[in-house]
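Visitor: curious how this folds, go ahead:
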Amino acid sequence: MEIYEITGLATGVSNSGVNYLEPIDSFQNMEDGFVYRQVLQSRRGIKPFAPRLENGERIFGIFEHILPNGTVKSIIIDKNNLYVYNTTTGVYDKKNFGGSIAAYTGFNIASKENYISGVSYGIAQQISGGAVNPEYTNPGGRFVFCGKGITTPIGANSTIFFYDDANNDVRLFTNTSDNPNYAAPPEGALSSARFVTQFSNRILFTAPTINSVEYAQGFVYSGFANISGNGDKFNVAGSGLRILDTSQSIKGVSVLGNVLAYNLDRSNWILEKTQDGFNPIFYRQVPGVLGTDAPFSPVSWNEVVKSIGRTGVIGTDNRQSLRVDNKVPNFTEDEIDQPKFDYTYGGFDRTNSQFLWAYVSSGSEQLTQNKVLAQNYLFDTWTVFNMRLSCFGQTDLGRNLPWNQIDETAVPENPSWAAWNTTEDIWNKIGQEASVQKTLAGDDLGFVYELNADNDDILTDITAVTPGATTTLTIGAANFAVGDEVCIQNVGGMIELNNFDPETDPTILDPITNILTVTSPTEIVLNVNSTNYTTYTSGGTISKVIKFTADTIPFNPYRGQGRRCYVGYIEFLLNAGSFLYVDVFEDLDDDPIISNILLQPTSLQKASQWVSMSVDNEAEFMTFRLRMTSPAVQFKLTSMRIHAKPGGLTGN
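Guide: Next up, the predicted model:
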């Protein structure tokens, strides 16, 4: 019998006769799992990065604000306000409006697809010949932002704003009392724009509205930033309004090394710098016939911009534009809800080298994004995560607590700090956030998360239970939704609610309870009749389960010989403490010939252990489905050996 091994060690046939299969080419239809460093693993989860934003509203943008002196701030913009992360308290502080718009009550962004674009942009006194002026010691700077659907302040004609570090408030970029160096373009008042970037020591607004005319194919750029303030002027030499020679609309802007990449409906363009002071920007079209439809889907990484079009996922560099989704060729057309296509938002997770796109799934009743498409660009693997996120961002900031503040109440999202023997942190790192790049995400309810934090997915405390034909829980604020499958543990008194502990009993095949109603972020109703349950006394946690699945590519290495495939048994190299269920399907049948085979390492002394299951079946080809349901335990498959031999002749 031959052995086919899915592993990251080698590709091809070894001297011992083992046929190696790359895991990147061996799995399909993956949900809540991914391949990283040649290991197949389930998604562990996300954790709160900071307490919920004050407004509790949809988040439209998460940004790194880099000041001229190198200081970094984390900025979030929700439906109405701008927030700045406070590294002392670990909270995003809401900032007031100031200057000419001190009476402004909020952006009141009209639609969920109207995301915010923003960029750090220094003030004139800080800039000298394009560099930071060493004689200017004030560390302040500006974060300029804009977007569609923002309500115009009363008495103003613009929705282009900036956060002013010096005054610690939000003001109008195009108002000379707020921004004394500003000068409008010769074509008229600059009242709004879809995107803003900094390019060639200038600020550049894309798809601007000037004198009530929207230039969907154009961009307007300032003069060269200098100590005279030309970087805020759009009527000086070196500034201008340019229109691309196309009837298509600009749908996305990304920094791609030393150039800007523009994604349009059915084409892609590159903006480059020139040495001509009067015409400092040159643009050209990139060969290709594909385009972008979701305006905030473009993500730039590793010298490539990837974006979402209705025809597929597009990759653009300096030379060409191509589809990069050959492994999921019909995904954007079949799986993304077309009427809500513009909701799609792109991001990048450096920890796992993944491009991320939050989207509304086809046929979903959700009113916001409910899934995330992820591509690992190192291994070209694709997966879907079941997460409700509105947008992504980055930060390397975090809260560092003094020792006398480390307890279960100092940071509500860390109740494990109540005792030294329950904390999940390293003892000498408790309360300390490492200064590493973190992937952040926001949602519709103003929650801010850190992705891939090796944490329970959504976990919160239960503080009260009201029994009845359905059961009402009072909980810590969390983003649960109707239909969520949840796990309840450690409830005192009403122990009948405790329905699943994957660390002690993975054999329960249906360990979950459904949420029937969500009254508020702190009150949910379970589809559980608790009329005759024991009286609730205290405690308990509720968490959303992660349901990992991955199907192998239909397996038969002998089809080229006209033979069926006989599989004797399979071995799995699993990490200690995990578990896995396996189903076996033959040919194209919907029902498995073998189902619910539990695989679980018995030794906790080893990092991983071989566990085997018998198949003893022959078919034209076989598909093996791997499954696991858990809110916390992570499964990792390092290797999978399929013991097979040629069977009878195929039906063909």
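Visitor: show the residue spans covered by the helices in the stretch 301-450 of the chain.
Guide: 331-334 (DSSP state H, counting those that start in this stretch).
Visitor: can you pull out the low-pLDDT segments for it?
Guide: Within the stretch 301-450 of the chain, the ranges that satisfy pLDDT under 70 run 399-435.
Visitor: now D616: how far from Q38?
Guide: 29 Å (Cβ to Cβ, to the nearest Å). The C-beta positions use only the backbone N, C-alpha and C, and glycine is treated the same way.
Visitor: and the two? Which one has more around it.
Guide: Taking neighbours as other Cβ atoms under 10 Å, D616 and Q38 compare with Q38 leading, 16 against 9.
Visitor: can you give me the distance of the more buried one to I116?
Guide: As judged by Cβ to Cβ, Q38 and I116 stand 38 Å apart.
Visitor: and what of V305?
Guide: Taken as Cβ to Cβ, the span from V305 to I116 is 19 Å.
Visitor: do the same with E303
Guide: According to Cβ to Cβ, E303 stands 26 Å off from I116.
Visitor: out of the two, which sits in the busier spot?
Guide: More crowded of E303 and I116, by other Cβ under 10 Å: I116, with 27 against 9.
Visitor: how about the more buried one: what's its closest non-neighbour residue?
Guide: G61 (3.7 Å; Cβ to Cβ, 6 or more residues apart in numbering).
Visitor: in this structure, which helix or strand is least confident?
Guide: strand 12-13 (a mean of 48; mean pLDDT, DSSP states H and E).
Visitor: and for L516, the neighbour number?
Guide: L516: 15 surrounding residues under other Cβ under 10 Å.
Visitor: what are the buried residues along stretch 250-269?
Guide: Buried residues in stretch 250-269, defined by neighbour count with 16 or more other Cβ atoms under 10 Å: 250-254, 256, 259-269.
Visitor: ok, A103 - how many residues close by?
Guide: Using other Cβ under 10 Å: A103 sits among 9 other residues.
Visitor: OK, contacts around it?
Guide: Neighbour list for A103: F97, P153, I154 [criterion: Cβ atoms under 8 Å, 6 or more residues apart in numbering].
Visitor: my read: the first one touches R171, true?
Guide: Spelled out, that is F97. Yes: proximity of F97 to R171 meets the contact threshold set by Cβ atoms under 8 Å, at 7.4 Å.
Visitor: pLDDT weak spots in the stretch 1-150 of the chain?
Guide: Using pLDDT under 70, the stretch 1-150 of the chain drops low at 8-24, 124-140.
Visitor: now with 90, please.
Guide: Applying pLDDT under 90 to the stretch 1-150 of the chain flags residues 1-29, 34-40, 43-48, 66-71, 88-89, 110, 122-141.
Visitor: also the stretch 151-300 of the chain?
Guide: For the stretch 151-300 of the chain, applying pLDDT under 90 flags the ranges 164-167, 200-201, 225-229, 255-258, 274-280, 287-291.
Visitor: all strands for it, in order.
Guide: Counting by DSSP state E, counting those that start in this stretch, the segments of the stretch 151-300 of the chain that form strands are 161-164, 169-172, 190-192, 195-199, 202-206, 209-210, 213-214, 218-221, 240-243, 250-256, 259-264, 268-273, 281-286, 299-301.
Visitor: this completes my enquiry, with thanks.
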